[in-house]
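J.: this one's sequence-less:
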């Protein structure tokens, strides 16, 4: 890719205190390992009718701008964000900080509060219906519908409780790590090394070893047995059972759950600067409903698509040569079920270029001087994520959170699980919380 630097994912994360708490537990100040800055503008939105909206991290500024751009009452937006916070506060200790698969979780005060609050959580409406309760402007509904994609789901299927997600951005803010997302990984590795963790890289785990008493006792790596008192798999739950535990009955109902969306990503080196763009940019499809219908019902990508564009060079200038930009261009995609991906990629690339050229008033194709592509096939092969899903199982029904695989095995003692395909879900904060939940279960 020449002098262009690309992260594996967008350089934005929410709620950095999740990571700070981890470092504090180890007695280490986080700023010794990496630094980050809060963004003034969370994202810029572009709609097909020409509407433009800059989402500010300051809540009151956000409300004022949204009210003006979408001609909605400021109090309606404020009430929506207030309810978003209320939903988050009511459910965070139940869904995010504890195992959903232990009886004692449901005997807690948090569980009683959550159950008593079911009428306001929006569980029996989908996210689109929930958002239409508050807003008349379909563009603002579409903007808040987008948060379903934060866990790879459809806003027309996922329950309305997912309207709690905007609270994370509008209350805690969004941040860019100095050096990009890889700096978080590097910081965690440095911390792990300091506290005595040993990494064995480029070593293929072939099997989780289980004795006759159904206790995990280690792993098989390159035909060599490595003993362990506790085994934790952060591999996708489907290949964990299919490959590493192939001789044991798998929880088929859990493994057969609908998978989250995947993605097609184009890494483009662009030989021009676009001052109107920011770190995060969304170019919405005109027909959002059919975009998700194509993904989850027809398992393809239509021609009318939403494009996410991330440009880290906006905040980290050395990520691209002077006068150039590094574009991370992503569209939602179905999981890999042997579609004709070469045709889909070629057609989608053409549609992306047409859309961006129209919105920006510049022909994009001649500006692309470097290109690399990631699709559901390569996501699956590189990460072992079944079908290339980005978040494990989808959250397209109201029971999805309860149907996720637990952080422990009911059948094999001393075997635990963490990561984006088990409770509580995918994304950096939830994956870290998954590891925290699992660690606490082991310690207790």
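T.: Thanks, I have it. Everything numeric in this text was worked out from a predicted model, so none of it was measured.
J.: ok, the residue nearest in space to the middle of the chain to residue 298 distance?
T.: A centroid search over the chain (CA atoms, centre = their mean) returns residue 427, at 3.6 Å, as the residue closest to the centre. Residue 427 is 26 Å from residue 298, where distance means CB to CB, to the nearest Å. Using the backbone N, CA and C atoms, a C-beta is placed for each residue, glycine as well.
J.: kindly report the same for residue 199.
T.: From residue 199 to residue 298 the distance is 42 Å (CB to CB).
J.: compare those two and say which is more crowded by neighbours.
T.: residue 298 (11 against 8; other CB atoms under 10 Å).
J.: am I right that residue 184 sits in a helix?
T.: Yes. Judged by DSSP: H, G, I helix; E, B strand; the rest coil, residue 184 forms part of a helix.
J.: number the residues from 32 up from this point.
T.: All right, first residue 32 from here; so that's residue 215.
J.: dihedrals phi and psi, the nearest residue to it once chain neighbours are set aside?
T.: Nearest residue to residue 215, sequence neighbours excluded (CB to CB, 6 or more residues apart in numbering): residue 208, at 5.6 Å. Backbone geometry at residue 208, expressed as degrees, to the nearest 10, gives phi -70, psi 140.
J.: with residue 190 instead?
T.: phi -70, psi 160.
J.: please apply the same query to residue 181.
T.: Dihedral angles (degrees, to the nearest 10) for residue 181: phi -70, psi -20.
J.: that one and residue 460 touch, don't they?
T.: No. Using CB atoms under 8 Å, residue 181 makes no contact with residue 460, being 10.3 Å away.
J.: if we can go back for a sec, need the contact list for the residue lying closest to the residue nearest to the centre of the chain once chain neighbours are set aside.
T.: Sequence neighbours aside, residue 181 is the residue nearest to residue 458 in space, at 6.6 Å (criterion: CB to CB, 6+ apart). Neighbouring residues of residue 181 by CB atoms under 8 Å, 6 or more residues apart in numbering: 193, 196, 458.
J.: and residue 427, by the same measure?
T.: With CB under 8 Å, 6+ apart, residue 427 has these contacts: 184-185, 188-189, 289, 327.
J.: mind running it again at 6 Å?
T.: The contact partners of residue 427, by CB atoms under 6 Å, 6 or more residues apart in numbering, come to 184-185, 188-189, 289.
J.: from the chain's centroid, how far away is the helix ranked longest in the chain?
T.: Using DSSP state H, we find that the single longest helix of the chain is helix 372-391. In terms of CA atoms, centre = their mean, to the nearest Å, the centre of helix 372-391 is found 23 Å from the chain centre.
J.: element containing residue 294, please.
T.: Take DSSP states H and E as the rule and residue 294 turns out to sit in strand 293-301.
J.: number of nearby residues for residue 343?
T.: Residue 343: 27 neighbours (other CB under 10 Å).
J.: mind giving me the ChimeraX select for the contacts of residue 427, buried ones only?
T.: A single ChimeraX command selects the buried members of the contacts of residue 427 (16 or more other CB atoms under 10 Å):
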select :184,185,188,189,289
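J.: in a markdown table: the contacts of residue 427, plus pLDDT and distance to residue 435.
T.: A markdown table is the format used below for these (pLDDT from 0 to 100; distance: CB to CB, whole Å):
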| residue | pLDDT | distance to residue 435 |
| --- | --- | --- |
| 184 | 96 | 13 |
| 185 | 98 | 17 |
| 188 | 96 | 16 |
| 189 | 96 | 14 |
| 289 | 94 | 12 |
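J.: can you tell me which of the contacts of residue 427 are in helices?
T.: Among the contacts of residue 427, no member falls in helices (DSSP H).
J.: alright, that wraps it up for me.
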